[in-house]
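Asker: what shape does this take:
(4 chains)
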Number of protein chains: 2
Amino acid sequence: MGKERVTVIDIARTAGVSKSTVSLVLQASPLVNEATRAKVNAVIRELGYVYNRGAANLRQSNAKSKIIGIVVNDLTNSFFAELAVGVDMVVQSAGYVQFLANTAESLDRQREVISSMREHGISGLILSPARGTEAADLKSLVASGIPVVNVVRQVAGAKVSSLVSDNHAGTREAVRHLAGLGHHRIAFLGGFPDTAVFHERLQGYRDALSDMDLAVHDELVISSAPSRAGGVAAIERALLLRERPTAAVCFNDAVAFGVCDGLRAHRLDPGEDFAVIGFDDVIEAQTAVPALTTVSVDPQGMGRRAAQLLLKQINAGRAEAEAIVSSVRLVVRQSCGAATDKRERLSLL
Amino acid sequence: MGKERVTVIDIARTAGVSKSTVSLVLQASPLVNEATRAKVNAVIRELGYVYNRGAANLRQSNAKSKIIGIVVNDLTNSFFAELAVGVDMVVQSAGYVQFLANTAESLDRQREVISSMREHGISGLILSPARGTEAADLKSLVASGIPVVNVVRQVAGAKVSSLVSDNHAGTREAVRHLAGLGHHRIAFLGGFPDTAVFHERLQGYRDALSDMDLAVHDELVISSAPSRAGGVAAIERALLLRERPTAAVCFNDAVAFGVCDGLRAHRLDPGEDFAVIGFDDVIEAQTAVPALTTVSVDPQGMGRRAAQLLLKQINAGRAEAEAIVSSVRLVVRQSCGAATDKRERLSLL
DNA sequence: TTAGATAATTGGAACGTTCCAAATTTGTCA
DNA sequence: TGACAAATTTGGAACGTTCCAATTATCTAA
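Answerer: This next block holds a predicted model:
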């Protein structure tokens, strides 16, 4: 059977041209005559030739491998799944293919997958760094001129581009909105306190509280895993307080969903008896009941932008690192109570 | 600057051995003396050498590229995100790296990404085929001896391995459970009717109904997109019926969550006023409120098994296609009402 | 010692492309 | 028709590995 793989030489032979010519048509070079191009293409189809990028890469720079890597810290979180989809959309249509790896917050895994990707000659990398990632971890990557775009989280001191959402403005706006609805005991729920993202969001919360002349109560800041289960745990603790909060802005949507679950378990109606605001605007946010009021960061859009930035840098050769903070906006739905009777009652005051 | 990349020849030169020896240590061959191995490894670290798999693949068969492909039809569905995580876990620890692509049910995209992956020399492919995929689409892949494992969906006539869950048994058990709780108007909600999976699940539903001597009412089968939004739409229609159902088994968990949302929008309490059973057991199923009773297929586990099967075939060289149907089990939580007072009431009858 | 084995190392030819410089064909114009 | 330019085509040398056959170093036992 035809175990042998068909190469550019086979094409050349049966088309009656030289391998160089075949290579030229493969690259859609304008130098080759239309007639020959047609003939060669016909033979390519006929013999079922498949291009060997590995061989081509050997002669070319890594920048032309047409592979980009994307490594995220938690693919089970829809935020990252959607981010990956966004990246996939733009790299696919640019003719690239993506290595996708999940680190589950393990620095070891992260190191391994990144080095494995390097061995395969990725043209660039989109990275949502695991907790504890340091500039040194990215050093050799940038030294060899491979563009890196950090998303979601920054790495202090690393000379790579980054694309993060405006965390501070997001929670700030959320808190203002709640305060505007008449809440004055507003909790901040969920998230790991040892991340930059947590601090940015927390700071936005605090600043908004000051802006609105509301007191900052430390017991209202309850951290937990940034997951649905973490949200349940956080609201449990919040409901144990002598003076309960009446509203919460959550570290992310996953936490917010957990908070809604926890409220229901206590026979409290989210959006009615307690206002909840999330962060991310994952796809379920709009179809959930109650629909989640949340700070929209458009994960897919972020993926798309990250990919575009990366491709730009790949094509530019050596590119300057740029730090983009992507603006966010509060999308008001039911879970904050703004759309209910209570809201109307409040606005009549 | 050190723009030049360091190769095996550089290592050889500075370690004072031949490139062949370096190659040998790279492959951890037992033929090389411990002392030389140590020296070479030291130089490798010192010079910051990175292995070039592309070059290596040129000399080796595709089976050794250490790349596998995984293409899914909807990465925004947590089921697939978790499947991908499962795959990632096992391929990562086998030293492989995965190309991940999302087709969004587009046959064109699917064709493109598969051929792109071939050009990059994948050792094998895990595929959740887009709707309408035909055996012909996989023909050239199997002809060139690249192992393929289909997951979730089969492709009729394709001589490739497959790993699907026992759809028939799953819905069958779900319906029996509901019937055992005293329901006799049980709906089947969601899913596209032009897929094999839909028919298998529907058939399980029908067979269980007959088993329990319950009538099959066609108006109780309501198809829709297999998504949260689709679930909302389906329950809306179900609630319009003259004779409403009192329970539903849903095409998948996403639909089931949508159904719960829709019920709440009608002031009906899922698990209390209406029993809901899902299919898949995605990670949110256990933390949602009410916790979702569902047919567990363990998406991560499925991903792991698919990856193991694929690796087995890659290592075996030319392997037989095998069709695995993975057994499922009903996990009873709150949403079917079995854990509530109603259940106790019923069981007293 | 030394023959005969065994252990360790090695040069060079592949692998399938791209790219360069050079060669060939075709076209144009006086 | 000849000469020059433009359009096409082409051989061969890379690229960084692996693998084979062959060589050299080291060990063993008489």
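Asker: tell me which element A:Leu31 falls in.
Answerer: For A:Leu31, there is no enclosing helix or strand under DSSP states H and E.
Asker: mind listing the strands for the stretch 1-150 of chain A?
Answerer: Along the stretch 1-150 of chain A, the stretches classed as strands by DSSP state E, counting those that start in this stretch are A:67-72, A:97-102, A:124-127, A:148-151.
Asker: any idea of the mean pLDDT for the third one?
Answerer: It refers to strand A:124-127. Mean per-residue pLDDT for strand A:124-127: 97.
Asker: that one close to chain B?
Answerer: No. Between strand A:124-127 and chain B, judged by Cβ under 8 Å from any Cβ of the partner chain, nothing touches; the nearest distance is 12.4 Å. Backbone N, C-alpha and C define where each C-beta goes, glycine included.
Asker: would you mind listing what in the stretch 1-150 of chain A touches DNA strand C?
Answerer: For the stretch 1-150 of chain A, the residues in contact with DNA strand C (Cβ under 7 Å from any atom of the strand) are A:5, A:7-9, A:19-20, A:23, A:26-27, A:49, A:51-52, A:55-56, A:58-60.
Asker: of these, which ones also sit close to DNA strand D?
Answerer: Contacts with DNA strand D are made by A:19-20, A:55, A:58-59 out of these, judged by Cβ under 7 Å from any atom of the strand.
Asker: neighbour-wise, which of those residues leads?
Answerer: Using other Cβ atoms under 10 Å in any protein chain shown as the neighbour criterion, A:Ala55 leads these with 16 neighbours.
Asker: list the contacts of the spatially closest residue to it that is not a sequence neighbour.
Answerer: Excluding the flanking residues, the one nearest A:Ala55 by Cβ to Cβ, 6 or more residues apart in numbering or on different chains is B:Leu58, at 5.6 Å. Going by Cβ atoms under 8 Å, 6 or more residues apart in numbering or on different chains, B:Leu58 touches A:52, A:54-55, A:58.
Asker: of those residues, which is the nearest to chain B?
Answerer: Nearest to chain B, judged by Cβ to the nearest Cβ, of the contacts of B:Leu58 is A:Gly54 at 4.3 Å.
Asker: does that closest one touch B:Gly121 like I think?
Answerer: Yes. Assessed by Cβ atoms under 8 Å, A:Gly54 is found in contact with B:Gly121 at 5.5 Å.
Asker: all helices of the stretch 151-300 of chain A, in order?
Answerer: Assigned by DSSP state H, counting those that start in this stretch, the helices in the stretch 151-300 of chain A fall at A:167-180, A:196-211, A:228-239, A:253-265, A:299-315.
Asker: how far away is the residue of the stretch 151-300 of chain A found nearest DNA strand C from A:Leu311?
Answerer: For the stretch 151-300 of chain A and DNA strand C, the shortest gap (Cβ to the nearest atom of the strand) falls at A:Ser161, measuring 26.2 Å. Using Cβ to Cβ, to the nearest Å, A:Ser161 is found at 12 Å from A:Leu311.
Asker: with neighbour numbers in mind, choose between these two.
Answerer: Neighbour comparison, A:Ser161 and A:Leu311: the larger count goes to A:Ser161, with 23 against 19 (by other Cβ under 10 Å).
Asker: and the more buried one, what does it touch?
Answerer: A:147-150, A:309-310, A:313, A:319, A:321-324.
Asker: and these, which is the shakiest by pLDDT?
Answerer: Here the lowest pLDDT out of the contacts of A:Ser161 sits on A:Ala319, with 69.
Asker: which non-adjacent residue is nearest the residue nearest the centre of chain A?
Answerer: Nearest to the geometric centre of chain A sits A:Leu83, at 3.9 Å (Cα atoms, centre = their mean). Closest residue to A:Leu83 apart from its sequence neighbours, by Cβ to Cβ, 6+ apart: A:Gly303 at 4.1 Å.
Asker: next one: the residue nearest to A:Ile222 when sequence neighbours are not counted from A:Ala179, what distance?
Answerer: Distances taken as Cβ to Cβ, 6+ apart put A:Ala234 closest to A:Ile222, at 4.7 Å, once the chain neighbours are dropped. To A:Ala179, A:Ala234 is 20 Å away according to Cβ to Cβ.
Asker: ok, the two, which is more surrounded?
Answerer: For A:Ala234 versus A:Ala179, neighbours defined as other Cβ under 10 Å are more numerous around A:Ala234 (27 against 18).
Asker: buried ones only from the residues of the stretch 1-150 of chain A next to DNA strand C, please, as a PyMOL command.
Answerer: Burial among those is assessed by 16 or more other Cβ atoms under 10 Å in any protein chain shown; the matching PyMOL selection reads:
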select buried, chain A and resi 7+8+23+26+49+51+52+55+56
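Asker: now do whatever residue of the stretch 51-200 of chain A ends up closest to DNA strand D, the pLDDT please.
Answerer: Residue of the stretch 51-200 of chain A nearest DNA strand D, by Cβ to the nearest atom of the strand: A:Leu58 (3.4 Å). We have a pLDDT of 94 for A:Leu58.
Asker: how about A:Asp341?
Answerer: pLDDT, read off for A:Asp341, is 44.
Asker: could you do the one 3 residues further on as well?
Answerer: If you check A:Glu344, the pLDDT there is 39.
Asker: go on, the one 3 residues further on?
Answerer: A:Ser347 is assigned 37 on the pLDDT scale.
Asker: now do A:Val152 against A:Asn52, distance only.
Answerer: 36 Å.
Asker: please disregard the earlier target; I meant A:Leu330.
Answerer: In terms of Cβ to Cβ, A:Leu330 sits 51 Å off from A:Asn52.
Asker: which bits of chain A sit near DNA strand D?
Answerer: Chain A has residues A:17-21, A:24, A:31-33, A:35-36, A:55, A:58-59 near DNA strand D, with proximity defined as Cβ under 7 Å from any atom of the strand.
Asker: again, 10 Å this time
Answerer: A:8, A:12, A:15-25, A:29-37, A:39-40, A:54-61, A:119, A:121 (Cβ under 10 Å from any atom of the strand).
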